[in-house]
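A.B. asks: sequence and predicted structure are below.
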Amino acid sequence: MEKDHTKEKYSAYISGMHCASCAANIQKYLMEKNGIVDAQVNFANEKAVIEYNPSVITKDAIRDALAKLGYSMIDRSYDAEREIKAKAVSEYFTKFFFSLIFSLFVLSASLLYMRKDIAHREAVLYCLLQFVFTVPVLLISSGIFKSGIVSVLKAGRANMDTLVTLGVGSAFFYSLWMTAVILTVPGGSLMPHLYYETAVFLLTFISFGRALELKARSKAGDAMGKLMELNPKTAILVKDGAEKEIPADLIHPGDILAVKPGQCIPADGTVESGESEADESMLTGESVPVPKYAGQTVIGGSINKQGSFLFRADKVGKDTALSQIVKLVEEAYNTKPRIQSLADKFAGIFAPAVLLIGAAAFLVWFFVTNDISAALGSFISVLIIACPCAIGLATPTAVMMGIGLGAFSGILIKNAAALENLAGSDVIIFDKTGTITKGEMSLTDIVSFGIPKIDLIRYTASLEKRSEHSLAKIIVKYAEAHNLPLYEAESFKSLTGKGVLGRCAGKEIIAGNFLLMQDYGVDLTAGLNDAEKLEMEGKTVIFTAIDKKIAGLMAMLDREKEEAAYVVGELKKMNKKVSMISGDNIRTARKIASNVGIDDVKAQLLPSDKVAEIRKIRQQGLKCAMVGDGVNDAPSLVEADTGIALGTGADVALASCDIVLLKNDLRNVLRALDVSSFTLRKIKQNLFWAFIYNVLSIPLAAGIFYPFTGIMLNPSIAGLAMALSSVSVVLNSYSMKNYRFRTF
C-alpha cells in the first residue's frame, strides 16, 4: 500500500487530564480542528495519537490549541514519563496527607460547632476555625479548580473537575455566606449547618483516589516498562583484538560484539564464532533456550546462557526486534475496540447531564422540604459521585493488560480491535505452506521426459534463480549442491501463484503449476499419471516445459507441523469452523488437510482468489481470522476480520496483519484466542460495574430512595465512593496479570 505523504502521525503525552471526560473533550476538540484527520486520546496511559495534514496544521499549532484548553502536550521518553508519573503519585499522596490533617481539624471544629449547648461566642470561634483550616486544603487542590474553570471558559465543555469545582465551590461559598451571617448577628441563636467539612473531605478523598488510580494505571501499563528494561545499557565492543565496554547507544551495524555468560545480547545480529544458548522467552514466548552457533541469528534483549560468543551487529537502536515490539505495543495501547465507543459517547455527554440532574435534585429537595442545606447536600452528592472515570478506564486498562499478556508470550497484538474481533471469530482459516506445514520443502522426486534429468534441473534452476519463491530456491539449492553450471536467463517473467517463464540457452522455458501450463497450451498428458500419484502422497509438483513441450516434473514434500492436528481439534472444541486455503493443487491440499483434521479445503487459488473466499465468508455475516505467513498471504490477512501472521523473533513489523506470532508455533493461535476472550470478558466486567455504579449511585445521591429507606448520601462519602469506583475498575484489570495460559 502506498504511503499517504499528506498525512503524518504525532504521538505525545498529555499533561493535565484528570478523568475520562477530559480525554473525551480533548478528542472532540482536536477533531474539530481543520487539518486534523484523526485523534485518539487515551486517558489510561495519558497519551494522544494525532493524524494530521502538516500543510494545514503544524505540531506547534496543535500544542498551542491544547494549551489554550488547559492541557500540555509533551514529547517524552517512556522512562521519563514513568519517573514523572511516580512523582505525580507521590505528590498526590502528599496532598492527601496534608489535606487529611487540615480536614481532621475542620471536622473537630465542626463537631464542636454542632454541640447543642454551644454559646454564640464559641460558635463564632469554631466557625472561623473551620474556615481557616479549609483554606489550605483549597489551595492544595487549586489545580482541580483551574482545570474545571478553564475547560468551560476556553472549550465550552464541562469535565469532571468542573463538577468537583461546582460541588466544592457550592459547599464552601454557602458555608462562607452562613459564616458571615453568624458574624453579623451578635448574640443570635442562628446556627445554620455548614459544609466546610464536606468541601475539605471531598478534596481529600479525590487526592487519595487519584493517587491510587494513577498508581494502579501505571501498573496496568507495566508491560511497556518490562519490555524497556530488556534493553541493555552497555555492550562489549571487540576491535583489533581488544575488548572495550561502550554504551549500547553507540553500537553501529557491522560492529563485532562479545557476549559473556549471563549477559543480555545488546543488538540483533549474526554469530561469528563461539557457541551458546539464548533465552528468548521474554520476546518470543519460547521457554526452551535456543542454540546459537556460527551463522545463527541472535535477538537483542534475549539473555545469553552458559557459553560465550562473538557476533556481528546487523540491526541496532530503533531497528532491533525489541524496539519494534516496544513500538507495536505502545501503538496498540492507543487504539480502541468498538465496544469502547459507547463508553466514549457516555463520557462525552456525562458532565452536562450530571449538572442537569444535580440542579433538578436541588430544586426538588428545596421546594419539598424548604431546607436549603438538604437541597445543597443532594446537589453536591450528585455532582461528586457521578464520575465517568470508571467508565473511561474500563476498556483501556483491560486492553493494556491484555496486550501486555500477549507481548510476554510471543503474541504481538497490534490494535485493540484485533482483541475484540478474534474473540468473536466464527471461522479460522489457515494457509497451507509454512502455516499448517513446516515450510521446509525438500526435493523428493525428479521425472524427465525425453531429456536427461541433469538438463531438466539445469534449465529449471537457471530460470528459477531469478525467482524469490521458496520452491524456486529449493530447486536452485539442489542444482548448486550438485555443482551443475547454470545458464543466464533472459526475458524473465514471474506470474504470481502460477510460476515463471523466460529463455535459457536459446530455449523457451516454462516452470510452474498446472494452471501455468494450461495458460500456455502445454500438453501435460505424458506427465499426468506421475503428477497425480505424487500429489496423492501430499507432494507439490512443479512442471517444466521446453519450447512448450513437457520436459519433466519435480516433486517436493513439506510435512505438516506436529502440533497442527492438536490445534485444529482444540479449535473445533471451541465451536470454531476450521478451513484451509492454498495455492497448491487440490490433491496435495486435501492430503495435508486430512492429516490434520481439516474438512473444508479450497486449493489452486491465486492471492486474489483467497481474498474472494474470505469475502464470501464475511458476506454470510461470519467473522473470520486468517492465519498465514505474513508475506505471501498479505492480501488475505488484510481482508480477514483478524489477520494473524506467523513471524519470527527478528521480523515483527508485518504491516498486513493485526496479530504477529513471534514463535512459529500454531499453539500460539490458541493462546491468542485465549487472551482475546479473557480480555473481552474483563472489559465487559469493567463496563458492567462502572455503568451499574452510576445507575445506582446517582439516584441514591439525588435522594430518590430517601422516602423508602431514610438514607441520604453524605457528600463526603460520595467523594470517597467516586474515588474507589475508578480504583476498583483499574484493579480488576490489573488482576489480569495473574492469568496463566493453558499448557498445550
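C.D. replies: Everything's here; your move.
A.B. asks: assign Leu203 to helix, strand or coil.
C.D. replies: For Leu203, the assignment made with DSSP: H, G, I helix; E, B strand; the rest coil gives helix.
A.B. asks: who touches it in this structure?
C.D. replies: Going by C-beta atoms under 8 Å, 6 or more residues apart in numbering, Leu203 touches 99, 137-138, 140-141, 144, 164, 168. C-betas here are computed from N, CA, C, even on glycine.
A.B. asks: so how far is stretch 731-739 from its chain's centroid?
C.D. replies: 16 Å (C-alpha atoms, centre = their mean, to the nearest Å).
A.B. asks: what packs against the helix or strand containing Gly377?
C.D. replies: With elements taken from DSSP states H and E, the one containing Gly377 is helix 372-385. Contacts defined by 3 or more C-beta pairs under 8 Å, 6 or more residues apart in numbering; DSSP states H and E place helix 372-385 against helix 160-183, helix 196-220, helix 340-369, helix 667-702, helix 715-734.
A.B. asks: if we can go back for a sec, by neighbours, which of the contacts of Leu203 wins?
C.D. replies: Neighbour counts for the contacts of Leu203 (other C-beta atoms under 10 Å) peak at Val168, which has 29 neighbours.
A.B. asks: contact partners of stretch 54-61?
C.D. replies: 6, 8, 10, 33-36.
A.B. asks: apply 6 Å and report the result again.
C.D. replies: 8, 10, 34-35 (C-beta atoms under 6 Å, 6 or more residues apart in numbering).
A.B. asks: can you check stretch 681-690 too?
C.D. replies: Contacts of stretch 681-690 with the rest of the structure, by C-beta under 6 Å, 6+ apart, involve 390-391, 394-395, 398, 729, 732, 736.
A.B. asks: and which of those is nearest Glu277?
C.D. replies: Closest approach between these and Glu277, by C-beta to C-beta: Met736, at 31.3 Å.
A.B. asks: which parts of the longest strand seen in the chain are buried?
C.D. replies: Counting by DSSP state E, the longest strand found in the chain is strand 268-279. In terms of neighbour count (16 or more other C-beta atoms under 10 Å), strand 268-279 has its buried residues at 268-269, 271, 276-279.
A.B. asks: and the contacts of stretch 681-690, which two are furthest apart?
C.D. replies: Pairwise distances across the contacts of stretch 681-690 peak at 18.5 Å for Ile391 and Met736 (criterion: C-beta to C-beta).
A.B. asks: re the thing from before, can you name every helix or strand that whichever helix or strand comes after the helix holding Gly377 contacts?
C.D. replies: With elements assigned by DSSP H and E, the helix or strand that comes after helix 372-385 is helix 389-407. Where contact means 3 or more C-beta pairs under 6 Å, 6 or more residues apart in numbering; DSSP states H and E, helix 389-407 is packed against helix 196-220, helix 321-333, helix 340-369, helix 667-702, helix 715-734.
A.B. asks: point out the most buried one among those.
C.D. replies: Ranked by mean neighbour count, these are led by helix 196-220 with a mean of 25 (mean count of other C-beta atoms under 10 Å).
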